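Chemist: coordinates for the following, if possible.
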Amino acid sequence: CELSTPTRGFTGGRAASRWHDSDMSGASLRSCPILIRAFLNIAEHHSADDFQARGKEPEGETHIYSWLDATLGEVAELVQEQEAAAALINTVAASGDVRLSFSVVFPDKRGVLVLKECGHVKTRRRGADDGKTLGDVGFQPGDFLDVAILDG
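Modeler: Numbers count the residues shown, from 1 in each chain. Presented below is the predicted three-dimensional model:
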C-alpha cells in the first residue's frame with residue numbers, strides 16, 4: 001500500500017489530514033485504509049432485519065475510507081463530508097445541533113447480522129464518545145456502520 005497519495009474516493013478534511021501527517025503512528029502508519037460502508041437514516045437506526053439479505057442493504061449508503069484506529073469523531077467528520085450525508089444532516093440541522101449515533105453491524109456466531117450501538121457524536125461540540133476508536137467499539141473490516149442522524 002502506498003500512503004503518499006490518497007485512494008480514489010477518499011475525502012479530505014481535518015480527519016483525513018493524518019494521511020500526510022509525519023507524526024502518524026499506530027496502525028495508520030503500517031496499514032492501508034479500509035472501506036467502511038455506512039448506512040444513514042434519519043431519526044433512528046435501521047433494524048438488523050434491514051441488513052439480512054445480502055445485496056439488498058438499506059438505502060442511504062455512503063462509502064468512506066479510514067483506519068481501525070480512527071475515532072468516532074473522525075469518522076463523523078468523514079461522514080459529514082459526503083454529499084448525500086450532508087443533505088440528510090442539513091435536514092435535521094435546521095432545528096439546531098445534530099447527533100450522529102453509531103452502531104456496528106456484524107455477524108454473530110450463527111452468521112446472523114446484529115447491531116451493536118457504540119457511541120454518539122455531536123456535530124457542534126465534543127462529547128465522551130468522540131475519542132473511541134473503531135477498534136475500541138469492535139468494528140472489523142467487512143462490518144457495516146449504521147448511522148442514525150438525530151436531533152441534538
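Chemist: going by C-alpha atoms from here, please, whenever you check contacts or count neighbours.
Modeler: Noted.
Chemist: doesn't I64 make contact with L78?
Modeler: Yes: at 6.7 Å, L78 and I64 qualify as touching, with contact defined as C-alpha atoms under 8 Å.
Chemist: of those two, who's got more company?
Modeler: Just comparing L78 and I64: by other C-alpha atoms under 10 Å the higher neighbour count belongs to L78, 22 against 18.
Chemist: give me the pLDDT value at the more buried one.
Modeler: For L78, the pLDDT comes out at 94.
Chemist: so it belongs to a strand, correct?
Modeler: No: counting by DSSP: H, G, I helix; E, B strand; the rest coil, L78 is not found in a strand; it is helix.
Chemist: please report how far it lies from L100.
Modeler: Between L78 and L100 the computed distance is 12 Å (C-alpha to C-alpha, to the nearest Å).
Chemist: likewise for V137?
Modeler: Plainly put, V137 is 15 Å away from L100 if you go by C-alpha to C-alpha.
Chemist: tell me which of those two has more neighbours.
Modeler: Remark: of V137 and L100, L100 carries more neighbours, 27 against 18, as counted by other C-alpha under 10 Å.
Chemist: who's in contact with the more buried one?
Modeler: Contact partners of L100, counting by C-alpha atoms under 8 Å, 6 or more residues apart in numbering, are A76, H120, V121, K122, T123, V147, A148, I149, L150.
Chemist: would you map the strands across this protein?
Modeler: 34-42, 61-66, 98-107, 113-122, 144-151 (DSSP state E).
Chemist: does C32 touch D69 like I think?
Modeler: No: applying C-alpha under 8 Å, one finds C32 not in contact with D69, separated by 11.7 Å.
Chemist: now do the contacts for H63.
Modeler: Contact analysis of H63 by C-alpha under 8 Å, 6+ apart lists L35, I36, R37, A38.
Chemist: remind me which residues of this structure are low pLDDT?
Modeler: Where the chain drops to pLDDT under 70, the residues are 1-30, 95.
Chemist: for A38, grab the count of nearby residues.
Modeler: Using other C-alpha under 10 Å, A38 has 23 other residues around it.
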